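Student: Have a look at this prediction, sequence included:
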Amino acid sequence: MVFLFGMAAPAFAANYVKPAVFKQWLRSDKSMILVDIQPSEDFLEQHFKGSIMTDAYPVITGEDKRRLDPAVKKAKASKGDVVIICPRGRTSASNAYDYLKAQGIPENRLFILEGGIDGWPYKEMLVREK
């Protein structure tokens with residue numbers, strides 16, 4: 001385990017996108033596939049416009065992972081980046097990242113929203129259906 005400033009870094013490697021950068025991506029109409037793994041009830045409370053609701057959280061079982069398959073299909077048909085949206089952007093997001101990578105999505109196109117949707121500071125940009 002790697003230690004940074006006295007804190008343990010996550011044991012998994014992934015590409016993270018900071019909220020401020022992701023906000024710029026959203027405003028620039030950058031070509032992206034937004035893969036939201038939140039439980040469906042949480043998705044309805046808050047998500048990004050255009051997100052694919054997968055209800056795959058916590059992305060542990062084979063059934064959880066199969067819920068990502070529609071997003072895999074869209075990502076393979078696109079050349080845009082793939083951003084995984086998770087409640088907090090940690091283990092479950094990493095599980096989704098690893099699954100998408102294993103399904104052939106190039107790692108240079110895969111990103112996890114740092115801090116997840118719970119850490120998103122620009123709440124006015126979220127869609128709420130509840």
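Tutor: All right, it came through fine.

Student: Spatially central residue in the chain, please.
Tutor: For the chain, residue 84 is the residue whose C-alpha lies nearest the centre (CA atoms, centre = their mean; 1.2 Å).

Student: what's the distance between residue 18 and residue 94?
Tutor: Taking CB to CB, to the nearest Å as the measure, residue 18 falls 17 Å from residue 94. Where you see a C-beta, it was placed from the backbone N, CA and C, and this is true even at glycine.

Student: can you check residue 71 too?
Tutor: Taking CB to CB, one finds residue 71 at 16 Å from residue 94.

Student: For the two, work out which one has more neighbours and name it.
Tutor: Neighbour tally, residue 71 and residue 94, criterion other CB atoms under 10 Å: the higher count belongs to residue 71, 26 against 19.

Student: ok, back up a step: spell out which helix or strand contains the residue nearest to the centre of the chain, please.
Tutor: Applying DSSP states H and E as the criterion places residue 84 in strand 81-85.

Student: other SSEs contacting that strand?
Tutor: Helices and strands touching strand 81-85, by 3 or more CB pairs under 8 Å, 6 or more residues apart in numbering; DSSP states H and E, are helix 19-27, strand 32-36, helix 91-102, strand 110-113.

Student: Just checking: what are the partner strands of that strand?
Tutor: Using DSSP bridges, the strands paired with strand 81-85 are strand 32-36 (parallel), strand 110-113 (parallel).
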